[in-house]
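Trainee: below are the sequence and a predicted model for it; my questions follow.
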Amino acid sequence: MSQSSNWYNAIAHVDADCFFASCELTRRPDLKGQPVCVLSSQDACVVAKTYDAKAIGIKTGMPVWDAKKLMPEAHFLSADFYYYGLISEKMFSIFRRYSSDIEAYSIDEGFIDMNGIRSMWRKSYREIADHIRATVYNEVGITVSVGISTTRILAKIASEMNKPNGTTIIAGRRISNFLKDVPVGNIPGIGRNRKQLMLKFNIHTAYDFINTPVERIDYMLGKTGVDLWHELNGTPVFPLELHPPMPKTIARTASLGAVTTNKALIERHLTYHTTRVVTELVRQQLTTSLVSVFIRLKSFEAVGHKVRITPTNDYSNIIRIILSMFKHLFKHGEQYRACGVVASAIAPDTQQGNLFTTSLQMNKQLTITKVMDDINTRFGSQVLAPATICKAAVPRVKFKYPLIIAT
């Protein structure tokens, strides 16, 4: 179909709003309308928060004691990645009602190939997007935001424009006007350094970006920039990954922002990276049996360590091992600039299987889990705890799945 028409291609990006916190509110409806922060690393730092907590300055990775200073009235809950995986699978099962071509981009966001489905649903794209939002809310209990446009990048930007619980539709002929209000730093793939480079060349918005000669973009950013340029101009470059191969590794690494000797700061970064690695394992129903951690010195030399473990995607086990290795690597007085966590020896989670399996064992386990959560919620955290926690010489964890193996 000609690109002179509005919908020569149609891609939807659906993004759950404050996913981890929203998941918690589905089982704690008494907290709705109140600020909620989800904690990780033995409840030491914030890994997710509701919009009101975000508005007051609470950030991902912030130590819990700093967050409590900013918002003592907020509710601080332990992360439960297994539960989030269940909610994610239920959400994606709804997406599949609308199109068979779905890409699960992460645990809380996905792309949907919308081509041809308007005639099936006899609705406009906006009506379909609103229908998706309403269905997810009614059946899962969380809100999502939907963006629909002609390419992945445009759809992803669109879904961010009307959060939370909003719909943004960018037809082909509206792309240029839409991009005038998008700061260049909001383009996916344009990080802090690339943003600074763009600003030096007076590229302040996505509209400026697409009106810069592609040859200049190629000179500054290479193929990545050229691909973004085409996607922002409405030409699809990135197809949906409908059947992604099983990854050999899952790695999450990043700069520390500045050279530092602060051990606690590096631990918080590693905790955040571990959270993301485990989330990806759970989302893809995978396990790892080889975990690695590294820290990069100011001199760019990297030191690291790895250890083989029993196949798992359990956060509490993995973070305990990661932080233990880090303690042996870290040297006081040494300056560090980056760190990361890598999960290798990836394999399917054969014990978990389908997250909504109807197997007797899983049903028993879920029933026991719910009972334990209900009791802990009513009478206080860790009134009931798994036997494994009692045996382990590690700090207590409020929620740890699988809590009990039913037999």
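Mentor: Received, thanks. Residues are numbered from 1 along each chain as shown.
Trainee: tell me the buried residues in stretch 215-231?
Mentor: 217, 221, 225, 227-231 (16 or more other C-beta atoms under 10 Å). Bear in mind the C-beta positions are built from the backbone N, C-alpha and C, glycine included.
Trainee: inside helices: which ones of these?
Mentor: Using DSSP state H, the members of the buried residues of stretch 215-231 that fall in helices are 217, 221, 225, 227-231.
Trainee: what's the closest of these to Phe76?
Mentor: Closest approach between those and Phe76, by C-beta to C-beta: Leu228, at 38.1 Å.
Trainee: so what's Asn162 up against?
Mentor: Counting by C-beta atoms under 8 Å, 6 or more residues apart in numbering, Asn162 makes contact with 145, 168.
Trainee: and it, its phi and psi?
Mentor: Dihedral pair for Asn162: phi -140, psi 50, per degrees, to the nearest 10.
Trainee: okay, it: pLDDT?
Mentor: Listed pLDDT for Asn162 reads 94.
Trainee: for Ala104, state which of the ones in helices among the buried residues of stretch 215-231 is nearest.
Mentor: Glu231 (19.9 Å).
Trainee: quick check, Asp43 in a helix?
Mentor: No - assigned with DSSP: H, G, I helix; E, B strand; the rest coil, Asp43 falls outside any helix and is coil.
Trainee: neighbours of it, how many?
Mentor: Residues within reach of Asp43, counting by other C-beta atoms under 10 Å, total 18.
Trainee: burial of the nearest residue to it once chain neighbours are set aside, as a residue count?
Mentor: Nearest residue to Asp43, sequence neighbours excluded (C-beta to C-beta, 6 or more residues apart in numbering): Ser78, at 5.7 Å. The tally of other residues near Ser78 (other C-beta under 10 Å) stands at 18.
Trainee: any idea how far Ser78 is from Asp101?
Mentor: Distance, Ser78 to Asp101, using C-beta to C-beta, to the nearest Å: 36 Å.
Trainee: where do the helices of the stretch 101-250 of the chain begin and end?
Mentor: Taking DSSP state H, counting those that start in this stretch, the helices of the stretch 101-250 of the chain run over residues 117-121, 125-140, 152-160, 175-179, 192-200, 206-210, 214-232.
Trainee: can I get the second one as CSV, trimmed to CA atoms?
Mentor: The reference is to helix 125-140. Taking Å, rounded to 0.1, in the frame of the first residue of the first chain, the C-alpha atoms of helix 125-140 are listed here in CSV:
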residue,chain,number,x,y,z
TYR,A,125,-7.9,1.9,15.5
ARG,A,126,-8.7,4.3,18.3
GLU,A,127,-11.8,2.2,19.2
ILE,A,128,-9.7,-1.0,19.1
ALA,A,129,-7.1,0.6,21.3
ASP,A,130,-9.7,1.8,23.8
HIS,A,131,-11.2,-1.7,23.7
ILE,A,132,-7.8,-3.3,24.6
ARG,A,133,-7.4,-0.9,27.5
ALA,A,134,-10.8,-1.5,28.8
THR,A,135,-10.5,-5.3,28.5
VAL,A,136,-7.1,-5.4,30.3
TYR,A,137,-8.5,-3.3,33.1
ASN,A,138,-11.7,-5.3,33.5
GLU,A,139,-10.0,-8.7,33.4
VAL,A,140,-6.6,-8.1,34.9
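Trainee: could you check the pLDDT of the closest residue to Glu231 other than its chain neighbours?
Mentor: Distances taken as C-beta to C-beta, 6+ apart place Ile153 nearest to Glu231, at 3.9 Å, with adjacent residues excluded. Model confidence at Ile153, expressed as pLDDT, equals 97.
Trainee: tell me how many other residues crowd Ile153.
Mentor: 26.
Trainee: surely it touches Asn186?
Mentor: No - counting by C-beta atoms under 8 Å, Ile153 sits too far from Asn186 to count as a contact (11.0 Å).
Trainee: where does the chain have low pLDDT?
Mentor: 1-4, 41-42, 351-407 (pLDDT under 70).
Trainee: how about the strands in the stretch 201-350 of the chain?
Mentor: 250-260, 286-297, 302-312, 336-348 (DSSP state E, counting those that start in this stretch).
Trainee: for Thr135, which of these is the nearest?
Mentor: Short answer: strand 286-297, nearest of those by C-beta to C-beta, at 27.9 Å.
Trainee: what pairs with that closest one, parallel or antiparallel?
Mentor: strand 302-312 (antiparallel), strand 336-348 (antiparallel) (DSSP bridges).
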